[in-house]
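Novice: What would the 3D arrangement of this be:
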Amino acid sequence: MSGPPTVTDVAARLRAIQASGPATDGVCCFARLYADVTDGVAARLAGQTFADPHFLARLDVHFADLFFTAAAAAPAAMPHAWAPLFQARGRKGVEPLQFALAGMNAHINRDLPVALVSTWTELGRSPKQHADYVLVNGVLGAVEEQVKARFVAGRLSWIDRLLHRAHRLDDVLAM
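Specialist: Sure thing, here's the model as predicted:
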């Protein structure tokens, strides 16, 4: 590949990870959620939703690279925040949504600050992209229902339908 990786490259790698194992594999569950969010970011980058799309595209790549590095790491070298997801990835009785949220937690809490600093350093910038950073929350909100429909299955789907009338109580219980 010539040039730096792109958001499209990130989405393709995430889809490959997603397809690499069964739908119940915890890492594959996280990769599915992450690919959906990445697709949402890519769509908004193409539509110029962000004030500094170049910064956000590079942040996306740096951020994803930290997950890819964790996924390729030997257990002893894996960042501690990622270890629970990778160790429990095949555990029975864990819902796909729980795996997806565990990965999201590790990725945001451990990797996001590192990716921000890497991106600022690469582009020679200071932390002035706060408005674009906050817009990504809108991407997460926009894909929430789509992702929820894929992850909430079986008994959680039944509970979701039963409690849906209680305004997001169903989401709280599912998580």
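Novice: in the chain, which helix or strand is least confident?
Specialist: Lowest on mean pLDDT, DSSP states H and E among the helices and strands of the chain sits helix 169-174, with a mean of 49.
Novice: so which helix or strand takes in Thr121?
Specialist: Here Thr121 is covered by helix 112-123, with elements defined by DSSP states H and E.
Novice: What are the contacting residues of that helix?
Specialist: The contact list for helix 112-123, computed with C-beta atoms under 8 Å, 6 or more residues apart in numbering, reads His54, Phe55, Arg58, Leu59, His62, Phe63, Asp65, Leu66, Arg125, Ser126, Pro127, Tyr133. Where you see a C-beta, it was placed from the backbone N, CA and C, and this is true even at glycine.
Novice: rounded to a whole number, what's the mean pLDDT of it?
Specialist: Helix 112-123 shows a mean pLDDT of 92 in the predicted model.
Novice: repeat for stretch 42-59
Specialist: Here the average pLDDT along stretch 42-59 is 86.
Novice: buried residues in it?
Specialist: For stretch 42-59, burial by neighbour count (16 or more other C-beta atoms under 10 Å) applies to Ala42, Arg44, Leu45, Phe50, Asp52, Pro53, Phe55, Leu56, Ala57, Arg58, Leu59.
Novice: Among these, which one lies nearest to Ala100?
Specialist: Checking the buried residues of stretch 42-59 against Ala100 by C-beta to C-beta gives Ala42 as the nearest, at 19.1 Å.
Novice: for the most centrally placed residue in the chain, what are its contacts?
Specialist: Geometric centre of the chain, nearest residue: Tyr34, 3.1 Å, by C-alpha atoms, centre = their mean. Counting by C-beta under 8 Å, 6+ apart, Tyr34 makes contact with Leu14, Ala64, Phe67, Gly103, Met104, His107.
Novice: Ok, His54 next?
Specialist: Contacts for His54 (C-beta under 8 Å, 6+ apart) come out as Leu123.
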